[in-house]
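1. 3D model of this:
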Amino acid sequence: MSDFLADYEASAWWGVGVPKNTPAEIIEKLNKEINAALADTKMKARLADLGARVLPGSPADFGKLIADETEKWARVVKFSGAKAE
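-> Numbers count the residues shown, from 1 in each chain. Predicted coordinates:
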């Protein structure tokens, strides 16, 4: 698509979420362990084999990604005029 639309970009991403009001210490522990798993050489290699790019980070980083993606795709939907049926 980028051959036709210079700034075209679309990707899929995955993350781990927890219910609202989950205690901070649980979120911190999950984040630490998930980032450790993502740093593992075998895990990184397997994800690369699947075409994934590892983006470890903090809960705040993930929150920003979600906010940014929501804003980006909201603009696309508004521009397109798409409506839910």
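
2. what ranges does this structure have for its helices?
-> Taking DSSP state H to define them, one finds helices in the chain at 24-39, 41-49, 59-80.

3. how near is the residue nearest to residue 58 when sequence neighbours are not counted to residue 16?
-> Here the nearest residue to residue 58 in space, its sequence neighbours aside, is residue 31; by C-beta to C-beta, 6 or more residues apart in numbering that works out to 6.5 Å. Bear in mind the C-beta positions are built from the backbone N, C-alpha and C, glycine included. Residue 31 sits 9 Å away from residue 16, taking C-beta to C-beta, to the nearest Å as the criterion.

4. give me the more crowded residue out of those two.
-> Legend: neighbour count by other C-beta atoms under 10 Å for residue 31 and residue 16, higher for residue 31 (18 against 10).

5. ok, the more buried one touching residue 61?
-> No: with contact taken as C-beta atoms under 8 Å, residue 31 and residue 61 are classed as non-touching, separated by 9.5 Å.
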